[in-house]
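**Q** Below: sequence and its predicted model.
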Amino acid sequence: MGKLTNWGRRRGDNRVAKKADYALIQNAECDLDAVDEELMIPDFETELRSEDITQPEETPPPNALARQKGPRIFALVGATGGVGTTSLTTQLAHHFAITNAAQNKTGRGPADPRVCLIDLDFESGACAHHLDLLPSLTIEDLSGPPEQIDKAFTQALVSTHECGISLLAAPNTIGANARVNPHTIMSMLDAASELFDTVIIDMPRYQQPWTLAVMRAVDVLGVTCELTIPSLHAARERLAKLSGATEDGVNAHVILSKFEKRSFKNMLRLSDAEKALGRSVLTTLCLDPDTTREALNCGEPAGAIRPDSRFVKDVRNLAEALISAQDVPSVKAA
């Protein structure tokens, strides 16, 4: 069992309460005293032989089935600026969108969007620009009471990309990250987790009163940094703060962006990065500026522009790593 979150769910526990079938309940309501004696179950005195006894089939634990059907909620935050977090979240959402569309494709038409990309940086977020979509949320919506945010309200404010990504974003406003109502943010995330199978969150780099609650509630938090000493130190400091903020910490892992596998003189290596971080790196992403630049200028995910590029392949590996890390706690920093 995971820990309680502000969304009314446990991290790593995606079980959904099964609603009662009221029709069956109404049909079952009757006066037990009026039942005919002939319908009563008789007492059998016949002894069952051992070969007649059938062993019940082993059923998987409820958590295993729930994890398959429950939503996946991932969040990414940059340790420093310019590490490509928004490009990464956009392509990650595109990967899950095309994967879900291929699995749920029917002859009647395209499948409903099941992937939601949420831009929680209301001051300098760029997810809408990366997808060439107009943000439908307003700061007034996010500053109001949380009671007004439900599934119908959230679904009405979603902007949908043709590839199957549903976007929740607001226009950039100075000081907006401090103006929003933390409870309203949580209500919106709760509604999104009920509407979509996969939720990808682009977190603001600077901490706000509500950011820690979001990081604690997601399944996996990816801290993105690059192979430079300042960026590695910033990532280590952020991870240390997250570990000390709560008793059991946050399920956070390091994503090393703009990483080149070629070995040059006087360059840092992956082993140097892990030594500086005090923990292992979840995965690495190559430096592919041509693909990311072209995708940004076209307003499309990188996978829609160059599906065979190195960056897109690395994001596929990242998606698999995030799924594997859902129930695996991160390694504590040294």
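**A** Looks like it arrived, so ask away. Residues are numbered from 1 along each chain as shown.

**Q** which stretches of the stretch 201-334 of the chain have low pLDDT?
**A** 246-248, 262-266, 327-334 (pLDDT under 70).

**Q** got the residue ranges for the helices in it?
**A** In the stretch 201-334 of the chain, the helices defined using DSSP state H, counting those that start in this stretch lie at 211-217, 229-245, 270-277, 289-298, 302-305, 310-324.

**Q** For the residue most central in space within the chain, which residues count as its bridge partners?
**A** Centroid check for the chain by CA atoms, centre = their mean gives Ile73 as the closest residue, at 1.8 Å. Beta-bridge pairing of Ile73, defined through DSSP bridges, involves Val199.

**Q** quick one: contacts for it?
**A** 189, 193, 198-199, 201, 217-219 (CB atoms under 8 Å, 6 or more residues apart in numbering). Heads up, the C-betas are built off the backbone N, CA and C, glycines and all.

**Q** and of the helices of the stretch 201-334 of the chain, who's closest to Thr160?
**A** Of all the helices of the stretch 201-334 of the chain, helix 302-305 sits nearest to Thr160, with 14.6 Å by CB to CB.

**Q** Output the contacting helices and strands for the closest one.
**A** For helix 302-305, the packing partners by 3 or more CB pairs under 8 Å, 6 or more residues apart in numbering; DSSP states H and E come out as helix 85-103, helix 289-298, helix 310-324.

**Q** Let's have these in a markdown table, adding mean neighbour count and distance to Glu140.
**A** Formatted as a markdown table, the helices and strands packed on helix 302-305 follow (neighbours: other CB atoms under 10 Å; distance: least, CB to CB, whole Å):
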| stretch | mean neighbour count | distance to Glu140 |
| --- | --- | --- |
| helix 85-103 | 22 | 24 |
| helix 289-298 | 16 | 29 |
| helix 310-324 | 17 | 33 |
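
**Q** With distance to Leu134 as added columns, please give the ones you listed in a markdown table.
**A** Supplementary listing: those in a markdown table, determined by distance: least, CB to CB, whole Å:
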| stretch | distance to Leu134 |
| --- | --- |
| helix 85-103 | 16 |
| helix 289-298 | 17 |
| helix 310-324 | 25 |
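
**Q** Of all these, which one is nearest Leu167?
**A** helix 85-103 (8.5 Å).

**Q** on that earlier part again, which one, of the helices and strands packed on helix 302-305, ends up nearest to Leu282?
**A** Of these, nearest to Leu282 by CB to CB is helix 310-324, at 5.3 Å.
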